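Student: Need coordinates for the below:
(one chain, ligands or ions: 1)
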Amino acid sequence: MHGFHLKNNRWHSDGVPLSRIAEKVGTPCYVYSLPAFESQFGEIDRAYRSVPHLVAYSLKANGNLSVIRALARLGSGADVVSGGELFKARKAGVPAEKVIFAGVGKTDDEIAYALKEGIGYFNVESIPEIKAINEVARKMKKIAPIAIRFNPDVDPHTHHYITTGKKETKFGVYLGDLELVMKTVRECRSVRWTAVHAHIGSQMTQTGPVGMAARVVEKLVLRLRREGFAIHTVNLGGGYGIDYRGEKPPKASQYARLVLPVIQRLNATLILEPGRFISGNSGVLLMRVIYVKQSGSKTFYIVDAGMSELIRPSLYDAYHRIAPALGPQKPVKTVDVVGPICESGDFFAKNRKLPLARRGDLLVVFSAGAYGSVMGSTYNARPLPPEVVVRGTRFQVARQRQTWQDLVRLEKIWS
Ligand SMILES: Cc1ncc(COP(=O)(O)O)c(C=O)c1O
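Tutor: Reported below is the predicted structural model:
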């Protein structure tokens, strides 16, 4: 939980008590420590400093513009998966040539927008996509830089919803189709193929699968070079895990120890697309207890945030640490922490030992900086919460709370 610490029995983000932010901004609300984002970025960047490399922060984990801007100032690129993310990356100041555009379903309009901007690479996920990019580029009289994402069929040993490098997932091109890929690229005169991409999954807590994927990619690059393709860049995606509940994930330097020799042997440039490693423990969600409800032997803390703010527990059964923002931290009661949404899957914790809480108490949900706010929804007509950024003893609302008016702004009543 970089950037968050207990001082005098009060949780702080850098120099600011979280209770002060909640009083000023209301709850639910996300809080991000900008120095924490920066130091996580720095850890990866330093681990790979001995080779030419680009750390392209994965916007899908946390797309707050202030966060992207802070990372861009340190030299970060952006891994984007939609025209909207490309727009946000550019708005936050990421140079176009440092943008990598991934995703299995890019539309022609998105491809044209990316070509117009002059992005660094399209991470291509299928043979039909090579042809589509070629066609759009041909019409625009441009040459599209492409990396082809291969599916190395390596098990990352993580949740099956975030496993992406096995051959039965929808991501990447099956290695068995290599001949067809080469034939297709040879026929497509408006694409330039210079990079190979592989991302095997998210929240990995072992280095082994990354090392295996790197070796598969190495063999592939050597083969492609023998076939006459000038592959000079290797993109190994993201996926570095973080500590949610006591996991001991590897440090960036431990992954680097396996990856660097491959990159050096290939004399290649490395691209990485970390999301969670940079953002996960750099953000928290603040929420207040609305009611403490006793139901037979069960106790519920009913809080003012729900699956609309943070869906990870409902979607992946994910564990997030929870603690009172102020006061004693000793767990004494077994409770369910649940949201106000009309779904029984709307929960943050089940049968969790937590300190006693009363109506109005402020709770902190930790490790909420990745795949939190970005997966938010307005289900049950709940306005999106604000996002606050902190640096030192200062904080700022980086995204305002939506209003009820915002919820209906795009609607027109049929009359
Ligand atoms: C292609 C690609 N790159 C990067 C990422 C970021 O992953 P993480 O947040 O685990 O680092 C993802 C996430 O699934 C991805 O699919």
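
Student: pretty sure residue 264 belongs to a helix, no?
Tutor: Yes: per DSSP: H, G, I helix; E, B strand; the rest coil, residue 264 lies within a helix segment.

Student: separation between it and the ligand?
Tutor: 23 Å (C-beta to the nearest ligand atom, to the nearest Å). For every residue, glycine as well, the C-beta is placed using N, CA and C.

Student: quick one, what contacts that residue?
Tutor: If you count contacts by C-beta atoms under 8 Å, 6 or more residues apart in numbering, residue 264 has them with 50, 51.

Student: Can you check the pLDDT for it?
Tutor: Looking at residue 264, its pLDDT stands at 98.

Student: Over to residue 171?
Tutor: As predicted, residue 171 sits at a pLDDT of 85.

Student: That one reaches residue 152, doesn't it?
Tutor: No: here residue 171 does not reach residue 152: they are 10.8 Å apart, not a contact under C-beta atoms under 8 Å.

Student: and the end-to-end length of stretch 113-127?
Tutor: Between the opening and closing residues of stretch 113-127 lies a distance of 20 Å (C-alpha to C-alpha, to the nearest Å).

Student: average pLDDT for it?
Tutor: 97.

Student: In the protein, where's the longest helix?
Tutor: Counting by DSSP state H, the longest helix found in the chain is helix 208-226.

Student: chain center to the next helix-or-strand element following it: distance?
Tutor: Sequence order places strand 233-235 as the next helix or strand after helix 208-226, per DSSP states H and E. When distances are taken as C-alpha atoms, centre = their mean, to the nearest Å, strand 233-235 is centred 20 Å away from the chain's centroid.

Student: In its sheet, which strands sit next to strand 233-235, and in what direction?
Tutor: Using DSSP bridges, strand 233-235 pairs in its sheet with strand 191-197 (parallel), strand 269-272 (parallel).

Student: Can you tell me the closest non-neighbouring residue to residue 222?
Tutor: Distances taken as C-beta to C-beta, 6 or more residues apart in numbering put residue 266 closest to residue 222, at 7.7 Å, once the chain neighbours are dropped.

Student: confidence score at residue 32?
Tutor: Residue 32 carries a pLDDT value of 98.

Student: scratch that, residue 164 is what I was asking about
Tutor: 56.

Student: lowest-confidence helix or strand of this protein?
Tutor: The helix or strand of the chain with the poorest confidence is strand 173-174; it has a mean of 92 (mean pLDDT, DSSP states H and E).

Student: Which of the helices or strands spans the closest residue to the ligand within the stretch 101-250 of the chain?
Tutor: In the stretch 101-250 of the chain, the residue that lies nearest the ligand is residue 238 (2.6 Å; C-beta to the nearest ligand atom). For residue 238, there is no host helix or strand (DSSP H and E).

Student: roughly how far apart are it and residue 269?
Tutor: 17 Å (C-beta to C-beta, to the nearest Å).

Student: Show me what whatever helix or strand residue 31 lives in is packed up against.
Tutor: If you go by DSSP H and E, residue 31 is part of strand 29-33. When contacts are defined as 3 or more C-beta pairs under 8 Å, 6 or more residues apart in numbering; DSSP states H and E, strand 29-33 packs onto strand 10-13, helix 18-25, strand 283-295, strand 387-391.

Student: if you set the cut-off to 7 Å instead, what comes out?
Tutor: helix 18-25, strand 283-295, strand 387-391 (3 or more C-beta pairs under 7 Å, 6 or more residues apart in numbering; DSSP states H and E).

Student: The first one: which residues count as buried?
Tutor: Along helix 18-25, these residues count as buried under the neighbour rule (16 or more other C-beta atoms under 10 Å): 18, 19, 21, 22, 25.

Student: Now that helix: average pLDDT?
Tutor: 98.

Student: just how off-centre is that helix within its chain?
Tutor: Using C-alpha atoms, centre = their mean, the offset of helix 18-25 from its chain centre is 26 Å.
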